[in-house]
Structures are given as structure tokens and as C-alpha cells.
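the following comprises the amino acid sequence and a computationally predicted model.
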Protein chains: 2
Amino acid sequence: MSASAPRTRLKTRFKPARLKLSSDHSKRPLDRMSLHDQLVAKVREMIVDGELAAGAPLPERMLCETFGVSRTPLREAFKILAAEGLIELRPHRTPVVAPIDRAEIAEIFDVMVALDRSAGFQAANRASADDITRLDAMHAELVELHRAAQRATYFRLNQQIHSEITRLAGNSVLFNIWSILQRSVFRARAVANYDARRWSESVAEHEAFMALLHAGDAEGFADALSLHTRKTGDSVLLMLD
Amino acid sequence: MSASAPRTRLKTRFKPARLKLSSDHSKRPLDRMSLHDQLVAKVREMIVDGELAAGAPLPERMLCETFGVSRTPLREAFKILAAEGLIELRPHRTPVVAPIDRAEIAEIFDVMVALDRSAGFQAANRASADDITRLDAMHAELVELHRAAQRATYFRLNQQIHSEITRLAGNSVLFNIWSILQRSVFRARAVANYDARRWSESVAEHEAFMALLHAGDAEGFADALSLHTRKTGDSVLLMLD
DNA sequence: AAAATCAAAATTGCATACCGCATCCAGATG
DNA sequence: CATCTGGATGCGGTATGCAATTTTGATTTT
């Protein structure tokens, strides 16, 4: 794909887009995105955040009213979300939020383990001092959140840290795939939260791979990161039984 | 989370949304594809086969006549293809076949190296005697095609072998991602064909990892397979300079 | 009473119409 | 002569209407 900077960044002013439902999400700077992308992002977020439960039907006309758009752009958004695996489309059947399939979650984690090893190695090799400083700050906050037992906030920051590490690998294809998989798994993780033991263990693993990152041990960092992902996956899968 | 990624701090040029991963490739018998899926498959094939050259514009109304459908289903198909990275959609701009971007091809190969290692390991562990027999037959034909210097046929069978190996890993998410990336790279490979030296070397690598498969050395097979992919990538990238 | 049947309602799939942004070119301006 | 401006035109973005299919629920049949 050509240089194509972030999509739709020019003077194009799209309509206010009266996404009426759920004002609690309206804090985000959704402007500067095409209406189409806003729709995709909106529905995606509702699914990932569990606002739309797994298996819930998504009748087109109803959601059209909800979002104040017609069926055409909504259907186009649905194609994207189906491609990402978040919803299921079957001919002449009303779309549904993709069920959380344990077997598929397992498959996704297997892929993420592979991606995390590659991403971790690249990230460790490419991270600047500033990058590491930023990760350190996030990590310190993570530890503090664990100590304070702030589950929800911890969970969110944890995602951000892993996202940041993946981004540091400098491979946008990798980052995009990883992000999509991460979203698919997010729903399952939100439901199946850590138990206290796994939570502590997870924090310890974060400590470990951060130390390896500081040591400049790219291989070790990559292995530790992917092992962490594998253990997280095992833990999540256990809770889905 | 995801929506907050394009926030401010990141000046990176990461492109939004692409790729697909839904895992319904094997469970759907190709007997009755919806018109929509036929459209996607058709345009995808035209792009991958080079019938629609990289960078070529895709005016909606014109293609509607070509395929005998209206703009609505065509546009929906375009959303899918854009998510897969085969075409580019920008607001109020006519869609174009995604240019072959050397940097992106390099990124894709990096991901495929990681995926092939994982897929190879799983495939070697899961392959039945029948599976190996089938691969052997394909491999024998591949060697013969190399001897006969049948470039085009060799190229196609080579794809099939790698696809089959990936499929044997038994992870549909992995297989889908791999297939999408493979298609993106296919166009570049079709243009930048092997030179004779790399071709022979590639066949030798096939011999090598097939031997490791027979030996039941999953680790070795996985390493050999991913190394083969890395070398293939390097070779392709050399030709794109 | 349970199962099968069929018609009415609801919903998706597709086609068409309209609107607005982006591009191009003629004519004006310096 | 080069540049700028403003309207004409083409094409994508969206809304809406109609056709095809599924779902429903009531009625009939076993």
C-alpha cells in the first residue's frame, strides 16, 4: 500500500454524524474519520466492550435508527466487522455478534504467541531509549494498579502496554493483524478475568520481560513475551470451560 | 483501546483496518456461495492473477457493467478486498488496485516467516501418514516441474504445497491470515520470478524440509520452512528494487 | 395434543435515485 | 505568460424502494 498517511486527514468535513446511542462513549475524538470508519469503529467498540453481547442479533433496520444512518453504510460496515471476525453474516439471516468459540480463541492465542515472539524480537531491537522510558512508566503504573487491585484499569493498561510493544516492532501489517486478534480475544478475557494467582504471576512475567528488555536481550525478551501470551491464553481458556 | 490507537501521540503512519480472520473457510462447502462471495472471489482472482494491474483504477459504475451487478453489492465486495489489502479505498476517490509496495511486502514476509514457523511445527506434529504421502506426491511433481523448467506450473504447485502444509497445522485462523498474506504477495512474486539459481536453491530447501518432516523432526521442519520463506522473501524483495 | 402446513409479516439482498465532494477546464487577473 | 478562480462534470456516499427469502404463528391434520 502506498504511503497513504492515516486515512482521511484532509479538510474533508464529514457531517456531525449523530451517533446517538450511548453517550458514555462519545468522549473519543472520532472526527476526521469518514462516516464509514466511524460506524465501523463504533460498532466494533460496542462489541469488544461487551455492550453488544456475544450471539446478540443485529437487525439492520434497528441499528440504522440507533446510529442515524441508512442500511447501505451500515451493511458496508458489517462486511468489515465480519472480515475481522467480530460478527457473523449468513445469507438472508440477521447478522449476529460472533459467539465466543473456545476452539477459535485457542487458535487465536496460538497465532498471537507466534506473532508476539516476532514482534517482541523486533521491538527489543528497535526500541529507543525514549520508548523504553515510556514503557517503564506504563509498567510502573501497571504494578501499582495490581497492588491496588484495580482490575478494570489494570486490564486496560495491560492491553495498552502489549499494544505499544507490538507497535514498536515497526511492522504495520503485524500490528494490524495483532490488533484484530487482540480485539477478538478481548471479549473473552473481559468475561474470564484473572484469578488472583494468575494475576500475580502475570505481573511477575511483566517484570521479567521488562528486565530482559533493559538488558538488551532481544531473544530473551521475545521468548518471555510469547511465553507470557501463551500462559495468558491457557488461563483464559481455562475459564471458558 | 483500538479506537484510541489513532490518537495523537503516535506520529506513525500505520494504516488502519485491513486483514480478515474469520474462520469459516473449511466449514463452508463451496457448493452454494452467495452472489456477494462470488463477487469478492472474482475480483480477488482478477487482482491476484494480475488481470487487474497494481495501481489500476476501479471505477464502480464501469465494473458494475462488467459484472452485471449494481453498485451496492460491488461496494460491499470492495470493503472486503480493502480489508484484505488488495485494493485501496479513500473517501470520494475512485478505488484502485493496491500498488505493490516493497516495504509492505517486506513486512508481510516477516509475518509469514513467523506464521510458517508456528504452522510448520504444528503441521509436523499433526500430519498423518496419508498427509505426508500426499505431500510427497506433490513434492515429487514439484521436483519434476523444476527439472522440466515449467515455471508457471511449478509456481502454482509450490503455492499449493505451502498452502497444504499450513492447512495441516489445523488452525483455521492461522490458515486464513496466511492465505490473505499469501495472496498479497502472490502478485509481487508473479512479477518478480525466481532466477535460475534461486529456483534451484528453493527446490533444495523443499527437499530439506520434506526430509525433516519424514524424520519427524517438528522443530527442524518448522525452522527449515520458515527459513525457506525468509529466503524466498529476500529473493522477491531483491527483484523489486 | 403434537406435528405438519401454509399464509402473513418481517428482514435481508439488490437496484436505483439523489446529493455532495473532487477534479478539470475556461476565462479572468496579475 | 503564468496563476488564480469559478462553474461544469464525473464519481463516490447515502438513502430509499422493491424483490427474494426466512421467520412467525395460526390453522389444520393425524
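Yep, it's here.

okay, now the unreliable bits of chain A?
The model of chain A has pLDDT under 70 over residues A:1-32, A:191-193.

the same query, at a cut-off of 90, please.
A:1-38, A:152, A:187-196, A:239-241 (pLDDT under 90).

what are the ranges of the strands in it?
Using DSSP state E, the strands of chain A run over A:87-88, A:96-97.

walk me through the domains of chain A.
For chain A, the domain assignment from automatic domain parsing gives the residue ranges A:23-97, A:102-239.

any bit of the last one sitting next to chain B?
Going back to what we said before, that points to domain A:102-239. Yes. Applying Cβ under 8 Å from any Cβ of the partner chain, one finds domain A:102-239 touching chain B at A:104, A:107-108, A:110-111, A:113-115, A:117-118, A:122, A:156, A:159-160, A:163, A:167, A:171-177, A:179-184, A:186. Where C-beta positions appear, they are placed from N, C-alpha and C, glycine not excepted.

can you check the first one too?
Yes. Using Cβ under 8 Å from any Cβ, a contact is recorded between domain A:23-97 and chain B, made by A:28-30, A:34, A:37, A:40-41, A:44-45, A:48, A:72, A:75-76, A:79-80, A:82-85, A:88, A:91.

is it true that A:Val97 touches A:Leu86?
Yes. Counting by Cβ atoms under 8 Å, A:Val97 does reach A:Leu86; the two are 7.1 Å apart.

which neighbours do these two share?
Listed contacts common to A:Val97 and A:Leu86 are A:Ile47; contacts here mean Cβ atoms under 8 Å, 6 or more residues apart in numbering or on different chains.

more crowded one of these two?
For A:Val97 versus A:Leu86, neighbours defined as other Cβ atoms under 10 Å in any protein chain shown are more numerous around A:Leu86 (25 against 22).

quick one: A:Leu52 and A:Arg44 touch, right?
No. Contact between A:Leu52 and A:Arg44 fails when scored by Cβ under 8 Å: they sit 9.8 Å apart.

longest helix in chain A, please.
helix A:102-126 (DSSP state H).

that one: which residues count as buried?
A:104-124 (16 or more other Cβ atoms under 10 Å in any protein chain shown).

how far off centre is that helix?
Here the centre of helix A:102-126 is set off from its chain's centre by 13 Å, with Cα atoms, centre = their mean, to the nearest Å.

show me what that helix is packed up against.
helix A:151-168, helix A:172-191, helix A:196-214, helix A:218-239, helix B:102-126, helix B:172-191 (3 or more Cβ pairs under 8 Å, 6 or more residues apart in numbering or on different chains; DSSP states H and E).

repeat that for 6 Å
helix A:151-168, helix A:172-191, helix A:218-239, helix B:102-126, helix B:172-191 (3 or more Cβ pairs under 6 Å, 6 or more residues apart in numbering or on different chains; DSSP states H and E).

tell me how far the residue lying closest to A:Leu115 once chain neighbours are set aside lies from DNA strand C.
In space, and not counting its chain neighbours, A:Leu115 is closest to A:Trp178: 5.3 Å by Cβ to Cβ, 6 or more residues apart in numbering or on different chains. From A:Trp178 across to DNA strand C, the span is 30 Å (Cβ to the nearest atom of the strand, to the nearest Å).

A:Lys79 too?
10 Å.

contacts only, for that residue.
B:Glu76, B:Lys79, B:Ile80 (Cβ atoms under 6 Å, 6 or more residues apart in numbering or on different chains).

chain A against DNA strand D: which residues are in contact?
A:34-36, A:68-73, A:76, A:91-93 (Cβ under 7 Å from any atom of the strand).

so which of those residues are in helices?
In helices, defined here by DSSP H, the members of the residues of chain A next to DNA strand D are A:Leu35, A:His36, A:Arg71, A:Thr72, A:Pro73, A:Glu76.

can you put the residues you listed in CSV and add neighbour count?
Below are these laid out as CSV (neighbours: other Cβ atoms under 10 Å in any protein chain shown):
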residue, neighbour count
A:Leu35, 19
A:His36, 20
A:Arg71, 13
A:Thr72, 14
A:Pro73, 18
A:Glu76, 19
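
those also near DNA strand C: which ones?
Answer for these near DNA strand C (Cβ under 7 Å from any atom of the strand): A:Arg71, A:Thr72.

mind picking the one among the ones in helices among the residues of chain A next to DNA strand D that's closest to chain B?
A:Glu76 (5.1 Å; Cβ to the nearest Cβ).

what sits closest to the closest one if chain neighbours are left out?
B:Lys79 (5.1 Å).

near A:Arg198, how many other residues are there?
Residues lying near A:Arg198 (other Cβ under 10 Å) number 17.

distance check, it against DNA strand D.
Taken as Cβ to the nearest atom of the strand, the span from A:Arg198 to DNA strand D is 40 Å.

what's the answer for A:Ala169, then?
Counting by Cβ to the nearest atom of the strand, the gap from A:Ala169 to DNA strand D is 31 Å.

and that residue, how far from A:Arg151?
28 Å (Cβ to Cβ, to the nearest Å).

the more surrounded of these two?
A:Ala169 (24 against 13).

surely the more buried one is in contact with A:Phe121?
No. Look at A:Ala169 against A:Phe121 with Cβ atoms under 6 Å: they stay out of range, at 8.0 Å.

give the contact list for the residue of chain A most remote from its centre.
The C-alpha centroid of chain A is most remote from A:His92, which lies 29.9 Å away (Cα atoms, centre = their mean). Residues near A:His92 by Cβ under 6 Å, 6+ apart: none.

show the backbone phi and psi for it.
phi 60, psi 20 (degrees, to the nearest 10).
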